[in-house]
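*Asks:* Just to be clear, the model below is a prediction. Sequence and coordinates:
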Amino acid sequence: MSIVRKIKRAVRGEVDAKTAALEALRRSRVALAQRGERARLEQRQEQAARLRAPFAGMTPAELLDYFRNRSQPHFLPGFSGPRNPSKDLQRGLYPRESDELLARAEAIITKHTWPMLGLGDKSFGDPIDWLRDPVSGANWPLDYHAEVNLNRGDGSDARVLWELNRLPHFITLAQAYTVTADERFTADFLQQLAGWRLQNPYGYGPNWNCAMEAALRAINLLGAFEAFRHSRLFDEEALATVLAALDEHGTFIRGNLEFSYIATSNHYLSDVVGLVWLGIMLPELEQAAGWREFGLQETLREMDKQVLADGADFESSTGYHRFVLELFLYTFILCRANEIEIEKRYWDKLRDTLNYVRGYLRPDGRAPLIGDSDGGQVFPIRARDANDHAYVLAVGGVLFKDARLLPDDSPMPEEVLWVLGEEGADEYQKLKSTNTRESSAAFPDAGLYVLRAEDLYLNFNVTDAGIGGRGSHGHNDALSIEVSAGGVAFIVDPGTYVYTADLKERHRFRSTAYHSTVEIDGVEQNTTDQQFPFVIGNEAKPQVLSWETGAEFDRVSGEHFGYRRLPQPVTHRRTVTFNKLQRWWLIEDEFQGNGEYDFAVTFHMNSGIDVSLASETSVWACDRLTDARLFIGPLDLKQKPEFENQFTSTNYHEKTASISACWQFRAKAPCTFRWILIPTRGEDYPQIPQI
């Protein structure tokens, strides 16, 4: 079979012959380049950074003096070392958070312990073993980077190993040094970086397997470098080490771009953003100008491809939307600080990505975790839960001087001060008083519809597999809902939990049965294979049929075709009506087909929600901490619901017990079944409206 035919068979969705041929040629060139790279790596010794004139001719002492005192280029304002005037504001505005920051930094340098994703505090040894899997304890081999097997089947998790090796804790050390000028933080940073380079020779092992990981690591190293270059411990040897490491990272990224003619994603975007940051912040390097020019050109090109017309990232994932938004937001801020012009239309797109976040946030300020979410952050000034997206809004709101973007009733997040400096903090305080509450919103390109009024919130998910049907981060969640009332998230998307560490759980969390939608005959909406954790079909192709919004009610209707592949095809159509005045939602599930089917209608509750029978056929969902309740009742069924023990995952590699209410029944299509959802307080049984 030709390579063109193999490519066309391997990818999801339609691929024209020209694209397949281009991709085949690209892959052939990559294979050839890797053979050459491997031969060079075997002869490679540790190399010094390649500097352009006149820096290449400087003595080590002259070079150190230059870097210690250079005033340009400009980094994010909070990271200019202990001389930074923002450090006093940090302590004044955030006394508790500053104490927590210093405690985290102290644990890093004394115990080599810090929190990671949903795993809590992890200790990494002394010296740190950068190749030891934090989950399974297994050691990863130093194979040639392109030959590293990431799916080992032994419980190890490349995503968690990569999180360790993105070196996000270097940002914590840099912040602590900025606030205290304590040279112990400098010493440990330098020691850790030297150990990392020793254990991770250029081009070998899992930490050089992915250009995206090299790019994110480079961004964190740049942040640490900007703070620590002012330290008296940052000597000639330290400078040579950091410059060599960053030069290596830029070289690796440029030579191993994760580009494809068929589809690009957050990986390729991370690659080119990394080149932008390296090119801007290290113009002294020989290749910096090329990295910057190419990286910025490709970053904007990817913005055109990856940001939909309504501002959503095209991967059908709110988690990856946050990640991609950080990539664009922080990069645009860096470019602006260095007077690098970006066309207005791209700034408008950036604002659209922020508006999308503002539209989907729940009243409690948290995000629905639609599709995959691995909790990734680009520049982690503070570790955030995967469903915490409000801090990005705060930075964006200040950047655009748009009070509507700011999250409701929340203090200024630390990111505003570290990313935008004192000027940004002052602007935030000016904007805060004009903040207004969100109303219902439609994002037709993303396929997300939010029906809300006051404390009531329902989001209706009509997203597809993502990336034009070739997505790897979408879930089988077509026509699913999330519901929040009284400040409590009752019905939620279960999240992600893990990727390759546990393929069974990976499959479970993205399955139809784990989402608040309808499963028919035990079949997935889109085809999946447990052995392929980043492949999902696009048979469902959900679409919205109608959308209305007004002062008294909202109504949205959509359908999907995932069950048209059954022996007796059936189409699922769901309509949600929101009565704002009487405070209830009506869910109508209509099934168009000619046959008899087994239906399972599920409502997946959040952890911390107790579920019990309200009557023979209906249920109460009750918050354990308040008297907030949600009544869920069928209007056309006499079936008793079943309560199923499931899980909800807010952070990667973390899951907590939760319960779903599921009505299972057999019926002939065409047919329609309705569900009423009524938020209440206390134990009063709600009055069921006549519908």
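*Replies:* Yes, it's here. Numbers count the residues shown, from 1 in each chain.
*Asks:* ranges for the strands of the stretch 351-500 of the chain?
*Replies:* Applying DSSP state E, counting those that start in this stretch to the stretch 351-500 of the chain gives strands spanning 441-443, 448-453, 456-461, 480-485, 488-491.
*Asks:* Same list (these) but as CSV, adding mean neighbour count.
*Replies:* Bear in mind the C-beta positions are built from the backbone N, C-alpha and C, glycine included. Output for the strands of the stretch 351-500 of the chain, formatted as CSV (neighbours: other Cβ atoms under 10 Å):
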stretch, mean neighbour count
strand 441-443, 20
strand 448-453, 24
strand 456-461, 24
strand 480-485, 26
strand 488-491, 25
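*Asks:* how about stretch 159-166: buried residues?
*Replies:* 159, 160, 161, 162, 163, 164, 165, 166 (16 or more other Cβ atoms under 10 Å).
*Asks:* What is the nearest of the residues you listed to residue 540?
*Replies:* Proximity of those to residue 540 (Cβ to Cβ) peaks at residue 159, which lies at 26.2 Å.
*Asks:* Quick one: residues in contact with the helix or strand where that closest one lies.
*Replies:* Residue 159 belongs to helix 158-165 when assigned by DSSP states H and E. Identification of contacts with helix 158-165 by Cβ atoms under 8 Å, 6 or more residues apart in numbering yields 116-117, 119, 124, 130-131, 133-135, 140, 150, 196, 200, 206-207, 209-210, 213, 217, 374, 376, 498-501, 652-653.
*Asks:* As TSV, the strands of the stretch 351-500 of the chain with distance to residue 41 and mean pLDDT would be great.
*Replies:* TSV is the format used below for the strands of the stretch 351-500 of the chain (distance: least, Cβ to Cβ, whole Å; pLDDT from 0 to 100):
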stretch	distance to residue 41	mean pLDDT
strand 441-443	46	98
strand 448-453	45	98
strand 456-461	46	98
strand 480-485	47	98
strand 488-491	50	98
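*Asks:* I'd like to know which of the ones you listed is closest to residue 329.
*Replies:* Closest approach to residue 329 among the strands of the stretch 351-500 of the chain is made by strand 441-443 (18.7 Å; Cβ to Cβ).
*Asks:* Show me what the closest one is packed against.
*Replies:* Packing partners of strand 441-443 (3 or more Cβ pairs under 8 Å, 6 or more residues apart in numbering; DSSP states H and E): helix 344-360, strand 448-453.
*Asks:* Out of the ones you listed, which gets nearest to residue 244?
*Replies:* helix 344-360 (33.4 Å).
*Asks:* So which other helices or strands are in contact with the closest one?
*Replies:* Checking 3+ Cβ pairs under 8 Å, 6+ apart, helix 344-360 ends up next to helix 288-306, helix 318-337, helix 390-400, strand 441-443, strand 448-453.
*Asks:* The second one vs strand 456-461, what angle?
*Replies:* Think helix 318-337. 90 degrees (axes from the mean of the first three to the mean of the last three Cα atoms, to 10 degrees).
*Asks:* Figure out how far helix 318-337 is from the centre of its chain.
*Replies:* Computed by Cα atoms, centre = their mean, to the nearest Å, the separation of helix 318-337 from the middle of its chain amounts to 11 Å.
*Asks:* swap in the last one?
*Replies:* Taking Cα atoms, centre = their mean, one finds strand 448-453 lying 22 Å from the centre of the chain it belongs to.
*Asks:* Select the longest strand from this structure.
*Replies:* Using DSSP state E, we find that the single longest strand of the chain is strand 656-681.
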